[in-house]
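Enquirer: need coordinates for the following:
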Amino acid sequence: MVAFLSILLLILTALQGLIMTIDEFIFHKRRGLPAFERWGHVADTSLFFLAVLLPALAAPTPLWLGVYAFLAIASCLFITKDEWIHASACSGAEQWCHALLFVLHGPILLTAGLVWFLAPHHFALKMLPPIVLIWGLYQHLYWNVYHERKHSESSREQPVLRRAGRTLVQ
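Expert: Numbering: from 1, shown residues only. Take a look at the predicted model:
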């Protein structure tokens, strides 16, 4: 059973990684992200990171299993917070991509929880947190540091005074 769950976890995680890569490097880079999404995606990844970190660090006692269940459910609910923005900002293809990510999110956390319960020291439980942490750091550094700095530098090059659609000073 553990071998099956480990393979399932690997497949689900790889599929999620592939879809997230498509979402990030095709859709997000094409349309850009407003500040709410730039910070919101980092928050999503941070909550997911906390959930997958717990099995890597703690024994599956009833207390920690309860904390894990809370973090997993909170993460599954929290990732939907941007959908009111996505409804008007995203293409149908990007929304479908997000739907696939939502569908995978819960089963990944459920499978990780089952592996943790059955084989607390499984290598997959140790591999997930660093991967998620690296992704979260990339999201923060690219969108909230690099992109923001690049955006603020280009906005300084914009005309400073505008009146009725006309540029007065460049």
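Enquirer: next, count neighbours for Gly113.
Expert: Residues lying near Gly113 (other CB atoms under 10 Å) number 22. For every residue, glycine as well, the C-beta is placed using N, CA and C.
Enquirer: who's in contact with it?
Expert: The contact partners of Gly113, by CB atoms under 8 Å, 6 or more residues apart in numbering, come to 55, 65, 68-69, 72.
Enquirer: can you give me the pLDDT of the spatially most central residue of the chain?
Expert: By CA atoms, centre = their mean, the chain has its centre lying nearest to Thr45, at 4.0 Å. At Thr45, the predicted lDDT confidence score is 97.
Enquirer: so where's this protein shaky on pLDDT?
Expert: Residue ranges of the chain with pLDDT under 70: 151-170.
Enquirer: let's see it at 90
Expert: Low-confidence segments of the chain, defined by pLDDT under 90: 32-33, 35-36, 82-88, 147-170.
Enquirer: that older thread, pretty sure the residue nearest to the centre of the chain is in a helix, no?
Expert: Yes. If the criterion is DSSP: H, G, I helix; E, B strand; the rest coil, then Thr45 is within a helix.
Enquirer: if we can go back for a sec, farthest-apart pair in the contacts of Gly113, please.
Expert: Using CB to CB, the contacts of Gly113 reach their maximum pairwise distance at Pro55 and Ala69, which is 11.7 Å.
Enquirer: more neighbours, these two?
Expert: Pro55 (26 against 14).
Enquirer: excluding its backbone neighbours, what's nearest that one?
Expert: Distances taken as CB to CB, 6 or more residues apart in numbering place Trp116 nearest to Pro55, at 3.7 Å, with adjacent residues excluded.
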